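>>> Quick one: sequence plus predicted model below, questions after.
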Amino acid sequence: MVSLQFYNCLLIIGLLYFSSAASWTEGDDAYTPCNGSIAECDEEGEMLMESDISRRFLAQKKYISPGALKPDQPVCDGGGRGQAYSKSGNCLPQSSNPPDRGCEKYYRCRSDN
């Protein structure tokens, strides 16, 4: 009569054998040769590596203006400091090339003004 300990030992050895065989077949796929570029062959590893661009994104300081934290005030026409174009009356900037700007001598305009 075979003891219960022998069957338990046999069961554990069998489970260890099949689990190691399953992990061995999964590991074969990880070492397949690749004839492409490094980016194509090691896509997961490339995304895990920290690049210079990601460090630059993290180094940027992004601030929220105090006006953005006030929900009861409009962004434009607020009249407060730090709000864009509050003096012009709307959210668009003043034109940078007005037609009545005149002409200086060093620009050598066609009309001798």
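Now that the structure is in, tell me what you want to look at. Keep in mind that this is a model prediction, so the values were computed, not measured.
>>> contacts, neighbours, all on C-alpha from now
Noted.
>>> for the protein, what helix or strand is lowest in average pLDDT?
Across the helices and strands of the chain, mean confidence by mean pLDDT, DSSP states H and E is lowest for helix 43-48: a mean of 68.
>>> list the helices and strands the helix or strand following it packs on?
Next along the chain after helix 43-48, taking DSSP states H and E as the criterion, comes helix 52-59. Applying 3 or more CA pairs under 8 Å, 6 or more residues apart in numbering; DSSP states H and E, we find helix 52-59 packed against no helix or strand.
>>> okay, helix 52-59 in PDB with CA atoms only?
Taking Å, rounded to 0.1, in the frame of the first residue of the first chain, the C-alpha atoms of helix 52-59 are listed here in PDB:
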ATOM      1  CA  ASP A  52      15.100  63.400 -23.800                       C
ATOM      2  CA  ILE A  53      11.800  64.700 -25.100                       C
ATOM      3  CA  SER A  54       9.800  63.100 -22.300                       C
ATOM      4  CA  ARG A  55      12.200  64.700 -19.800                       C
ATOM      5  CA  ARG A  56      11.700  68.100 -21.500                       C
ATOM      6  CA  PHE A  57       7.900  67.700 -21.200                       C
ATOM      7  CA  LEU A  58       8.200  66.900 -17.600                       C
ATOM      8  CA  ALA A  59      10.500  69.800 -16.900                       C
END
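>>> Sort out which residues of that helix are buried, please.
Counting neighbours by 16 or more other CA atoms under 10 Å, one finds that helix 52-59 has no buried residues.
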